[in-house]
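[1] Dropping a prediction and its sequence here:
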Amino acid sequence: MSLVVLTAVAGYAMAPCPLDPITLIYCSVGTGLTSSAANTLNQFFEVPYDSQMDRTKNRILVRGLLTPLHAVCYGVTCGALGISMLYFGVNGFAAALGAINLLLYTSVYTPLKRMSIVNTWVGSIVGAIPPLIGWVGCSGGLDVGAWIMAAILYGWQFPHFNALSWNLRGDYSRAGYRMMSVTNPALCRRVALRHSIGMIVVCSMAPVLDVTTWTFAIDSLPFNGYLTYLAWRFYQDGDSKSSRKLFMFTLIHLPAIMMLMIISKKHYSKKSEVENIEKDPVTVKQVTDFVTQVSNGTVR
């Protein structure tokens with residue numbers, strides 16, 4: 001959930017509009033509450049399966065430390081508060097994205113985990129939406145920069161989750177989850193490598209599309225290069241050591257990429273536009289002549 005809020009804040013910071021601290025707080029807290037609702041309802045639906053996995057068998061609902069009713073009430077309350085904060089404190093577009101993400105996670109991704117490996121691609125879409133919420137919260141709309149950030153988050157999900165799931169294959173198999181690491185281990189490793197390479201391409205496109213300066217493409221290259229190297233080792237070796245190294249690096253990689261992107265942001269402002277007009281003698285002369293003509297009554 002911390003990474004979800006972080007990416008929403010990054011989306012807000014990258015949008016080409018002035019920062020409003022109050023709106024940013026509403027956007028961050030609203031996104032965090034909506035994420036809490038999704039995680040809570042996910043755990044409610046998966047109690048029978050969580051009890052079969054070593055990683056999740058000590059969760060609160062599995063151990064009976066809270067009642068299912070308590071959990072559902074908490075999840076619904078968090079969801080209602082989160083979407084309300086996005087709607088009233090930010091805008092309707094941000095609230096709609098938050099509601100879509102909540103429904104996508106709980107009603108599509110969660111049941112798909114026991115049906116098809118497509119769940120990983122759906123889960124990646126869920127992970128790509130928070131920066132869009134932040135961007136919309138700041139600018140009120142989406143443009144190419146927002147989609148670049150979404151593409152980064154989408155691609156990052158695959159080396160991150162595929163590496164995580166590799167060492168949980170026994171758990172997933174016992175619980176009946178249809179994960180790539182269980183049903184098609186070779187595809188699991190290939191997809192992680194493929195999307196790691198894709199990160200280099202997407203980050204290089206940011207300056208081409210005028211979202212960042214070229215500094216971002218250069219600064220992000222060592223991080224993306226090392227991510228690709230670790231994904232290659234995971235692809236080649238397919239063991240616990242290589243998957244664990246890849247997973248741990250993804251936890252460092254994403255915050256680093258987001259920070260480098262913000263540092264290299266292309267700044268747009270009304271002030272710079274005015275300064276450009278003032279520096280153009282032809283434009284200034286045209287404006288001056290027009291004002292003079294209006295003053296003399298020759299232009300109506």
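    Ah, there it is. Being a predicted model, the structure only gives us computed values, none of them experimental.

[2] Break the protein down into its domains, please.
    1-142, 158-268, 271-300 (automatic domain parsing).

[3] and the first one, how far out from the chain's middle?
    Put plainly, it is domain 1-142. Put simply, domain 1-142 sits 11 Å off its chain's centre (C-alpha atoms, centre = their mean, to the nearest Å).

[4] Look at it and report the distance between its end residues.
    Domain 1-142 has an end-to-end distance of 23 Å (C-alpha to C-alpha, to the nearest Å).

[5] swap in stretch 81-95?
    Separation of the first and last residues of stretch 81-95 by C-alpha to C-alpha is 11 Å.

[6] At the geometric centre of the chain, which residue sits there?
    The chain has residue 128 as the residue nearest its centroid, 3.8 Å off, counting by C-alpha atoms, centre = their mean.

[7] Would you tell me what the next helix or strand after the helix or strand hosting that one is?
    In the assignment (DSSP states H and E), residue 128 maps to helix 119-139. Next along the chain after helix 119-139, taking DSSP H and E as the criterion, comes helix 144-166.

[8] now the helix or strand that that following helix is followed by: mean pLDDT?
    Next helix or strand after helix 144-166 toward the C-terminus (DSSP H and E): helix 169-175. Averaging pLDDT along helix 169-175 yields 85.

[9] List the contacts of helix 169-175.
    Outside helix 169-175, the residues that touch it by C-beta atoms under 8 Å, 6 or more residues apart in numbering are 49-50, 52-56, 165, 179, 181-182, 185. Where C-beta positions appear, they are placed from N, C-alpha and C, glycine not excepted.

[10] same thing with stretch 242-258?
    3, 6-7, 10, 152-153, 156, 159-160, 163-164, 166-167, 192, 199, 203, 220, 223-224, 226-227, 230-231, 233-234, 236.

[11] ok, back up a step: what about burial for the contacts of helix 169-175, which qualify?
    Neighbour-count burial (16 or more other C-beta atoms under 10 Å) is assigned, among the contacts of helix 169-175, to 49-50, 52-53, 56, 165, 179, 181-182.

[12] Once you drop chain neighbours, what's closest to residue 13?
    Of all residues not flanking residue 13 in the chain, residue 262 sits nearest, at 5.0 Å (C-beta to C-beta, 6 or more residues apart in numbering).

[13] do residue 127 as well
    Nearest to residue 127 is residue 157, by C-beta to C-beta, 6+ apart, at 4.8 Å.

[14] Contact partners for the one you found?
    120, 123-124, 127-128, 195.

[15] wait, which of those is closest to residue 82?
    residue 127 (16.8 Å; C-beta to C-beta).

[16] and the closest one, how many neighbours?
    Other residues near residue 127 come to 24 when the count uses other C-beta atoms under 10 Å.

[17] these two touch, right, it and residue 155?
    No: the pair residue 127 / residue 155 is not scored as a contact, 10.0 Å apart, by C-beta atoms under 8 Å.

[18] so where is the stretch 201-300 of the chain shaky, pLDDT-wise?
    Applying pLDDT under 70 to the stretch 201-300 of the chain picks out residues 268-300.
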